[in-house]
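> Okay, here's the prediction I keep looking at, along with the sequence it came from:
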Amino acid sequence: MKRVMLIAMIFALTLSMAACGQITDGGNSSAGTQPLSEDTSVNSLESTQPEASTPSESPSSAAENPSETADGKVLIAYFSWSGNTQEMASYIAEQTGGDLLEIQPETPYPTNYSECGEIALAERDNNDRPAIANLPESIEEYDTLIIGYPIWWHTAPMIIGTFLENYDLSGMEVYPFTQSDSMDTEQFDNSIAFVRENAAGAAVHDGLFARPSNTEAIDAYLSENGLVQ
Ligand SMILES: Cc1cc2nc3c(=O)[nH]c(=O)nc-3n(C[C@H](O)[C@H](O)[C@H](O)COP(=O)(O)O)c2cc1C
């Protein structure tokens, strides 16, 4: 009797171990060996996951995309020799949320004022297009270009022509801004005419002529033109 009971116990134990092995193997090896119900639950998880994640992703994408788009649409490109245009550009970038690009000449201008002046005058008289070291391949992602420069020899520095001429600006809204020592409006007008000549296809709006410290004038210009973030 004892022997019969022992055999029965060993048999029962073997059966239960075999059952455990099946679940583990089935779970780890292949879905094909899984019971249909488990298989279905895997499939239904896979199919519901994207649906479940889509709505939860959508609000955050919707929340992120507009700001990305707003940031991405405005480019503030500027050239500055002694930092004044740079100061304005940084302020404008803060107010508009636009991307900032400093136009850097391939051959830097001398730091000496009169040496720089001589080169700049020759460039203007020859209608040169000095090379840019960091010219972006494309600015197509932007639909607004706010372009800044100092007045050089009664107009815009020729490097602004290099930048503008490099792109097909069709459909681009262009807003020039500048400042100078004399703040002579005729020189400002000359510079706007230069921008218009070189920005083929773009809508060049009336520019901003203000000292960098005149944030009131800058703010007014930006809000009049709907450029404030
Ligand atoms: C090469 C050169 C030419 C300049 N020509 C003029 C000019 O014609 N009229 C003027 O009012 N200021 C002129 N300036 C002065 C600059 O417009 C002024 O210093 C401006 O604030 C410089 O801006 P930035 O610091 O962004 O370079 C000239 C400056 C330089 C270096």
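Yep, it's here.
> residues in contact with stretch 83-99?
Here stretch 83-99 makes contact (CB atoms under 8 Å, 6 or more residues apart in numbering) with 67, 70-76, 78-80, 100, 102, 142, 144, 146, 148-150, 177-179, 210-212, 215, 218-219, 222, 227-229. The C-beta positions use only the backbone N, C-alpha and C, and glycine is treated the same way.
> Please name the residues that touch residue 147.
Shown in contact with residue 147 (CB under 8 Å, 6+ apart): 76-78, 160, 163-164, 174-177, 195.
> what pairs with it across the strands?
Bridge pairing for residue 147 (DSSP bridges) gives the partners residue 77, residue 176.
> Next one: it from residue 135, what distance?
Residue 147 is 14 Å from residue 135, where distance means CB to CB, to the nearest Å.
> quick one: common contacting residues for those two?
Common neighbours of residue 147 and residue 135, counting by CB under 8 Å, 6+ apart, are residue 163.
> which regions of the protein sit below the pLDDT cut-off?
Low-confidence segments of the chain, defined by pLDDT under 70: 1-72.
> Quick one: the helices in it, in order.
Applying DSSP state H to the chain gives helices spanning 2-28, 36-73, 84-96, 113-125, 158-165, 185-198, 215-224.
> residues near the spatially closest residue to residue 168 that is not a sequence neighbour, how many?
In space, and not counting its chain neighbours, residue 168 is closest to residue 201: 6.1 Å by CB to CB, 6 or more residues apart in numbering. Around residue 201 there are 11 other residues, counting by other CB atoms under 10 Å.
> Surely residue 201 is in contact with residue 165?
No: using CB atoms under 8 Å as the test, residue 201 is too far from residue 165 to be in contact (11.4 Å).
> where's the residue nearest to residue 192 when sequence neighbours are not counted relative to the ligand, distance?
The shortest distance from residue 192 to any non-neighbouring residue, by CB to CB, 6+ apart, is to residue 207 (4.9 Å). Separation of residue 207 from the ligand (CB to the nearest ligand atom, to the nearest Å) stands at 14 Å.
> how near is residue 197 to residue 126?
Counting by CB to CB, the gap from residue 197 to residue 126 is 16 Å.
> which of the two has more neighbours?
Ranked by neighbour count (other CB under 10 Å), residue 197 and residue 126 place residue 197 first, with 12 against 9.
> Please report the distance of the more buried one from residue 73.
Per CB to CB, residue 197 is found 25 Å from residue 73.
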